[in-house]
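Participant: coordinates for the following, if possible.
(chains A and B)
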Number of protein chains: 2
Amino acid sequence: MSKHGMYVKFTTQTGQRDSLAQILLKAAGQMQEVDGCELYLVNVTENEPETIWVTEVWRDAAAHQASLTLEGAEELISQARPLIAGIESIKLQTLGGKGI
Amino acid sequence: MSKHGMYVKFTTQTGQRDSLAQILLKAAGQMQEVDGCELYLVNVTENEPETIWVTEVWRDAAAHQASLTLEGAEELISQARPLIAGIESIKLQTLGGKGI
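Facilitator: Numbers count the residues shown, from 1 in each chain, chains lettered A, B, ... in the order given. This next block holds a predicted model:
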């Protein structure tokens, strides 16, 4: 049974990558208690100063959906929104491997 | 200190996705004993029948490099090579989050 994975690419407003990364790392901290969230990693790249990639794996789509309404999520989303110029995502079916 | 991450996109020969996925899952199994490998996940997508994404996080680039010469790696690589039409990768600096 595959899991609900995704790569989410954030394009930030100019100069806002590190601020947004801090907010996303806080979001990752909140996910520690969320049992349907199996992976939530914040990544940057070497040569794209306005790009952040978040790697996510969820037990299923419902667990992901529920996380958006968790206490604290709304606060972080409202902090993040002005820093974001664009969001794209690659939806994945995670078959397995090492780490989850 | 960020870790050495990457998203590797395999484009397979027609009809070879599932065969390659099995080989990559075997590779993930071999990574269980490799302490520099922190994450190695095999993913497919819903609507791309020739695409596999592998999500990797390594302690550092050296740990990744060393894994390519491990016993068993060469055998799997030679099994996989004829099934592969193309490989692209997004190199990442993994800042942190939940799951590693």
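Participant: what's the neighbour count on A:Leu41?
Facilitator: Neighbour count for A:Leu41, taken as other CB atoms under 10 Å in any protein chain shown: 28. Where you see a C-beta, it was placed from the backbone N, CA and C, and this is true even at glycine.
Participant: center of chain A, which residue is that?
Facilitator: Nearest to the mean C-alpha position of chain A, by CA atoms, centre = their mean, lies A:Val54 at 4.3 Å.
Participant: for chain A, what lies in contact range of chain B?
Facilitator: A:2, A:5, A:7, A:21, A:24-25, A:28-29, A:31-32, A:37-46, A:53-55, A:57, A:90-100 (CB under 8 Å from any CB of the partner chain).
Participant: going by neighbour count, which residues of the biggest strand by length in chain A are buried?
Facilitator: Among all segments of chain A classified by DSSP state E, the strand with the greatest residue count is strand A:84-98. Within strand A:84-98, the residues that count as buried by 16 or more other CB atoms under 10 Å in any protein chain shown are A:84, A:90, A:92, A:94-98.
Participant: quick one: the residues you listed as JSON lines, columns for pLDDT too.
Facilitator: Listed next are the buried residues of strand A:84-98 as JSON lines, based on pLDDT from 0 to 100:
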{"residue": "A:Ile84", "pLDDT": "98"}
{"residue": "A:Ile90", "pLDDT": "97"}
{"residue": "A:Leu92", "pLDDT": "98"}
{"residue": "A:Thr94", "pLDDT": "98"}
{"residue": "A:Leu95", "pLDDT": "98"}
{"residue": "A:Gly96", "pLDDT": "97"}
{"residue": "A:Gly97", "pLDDT": "97"}
{"residue": "A:Lys98", "pLDDT": "95"}
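Participant: going along the chain, name the strands of chain A.
Facilitator: Along chain A, counting by DSSP E, strands occupy A:3-12, A:37-44, A:51-58, A:84-98.
Participant: out of the ones you listed, nearest to B:Gly15?
Facilitator: strand A:84-98 (17.3 Å; CB to CB).
Participant: tell me what that closest one is packed against?
Facilitator: Here strand A:84-98 touches strand A:3-12, helix B:17-31, strand B:37-44, strand B:51-58, going by 3 or more CB pairs under 8 Å, 6 or more residues apart in numbering or on different chains; DSSP states H and E.
Participant: so for B:Thr11, which of those sits nearest?
Facilitator: strand B:51-58 (6.2 Å).
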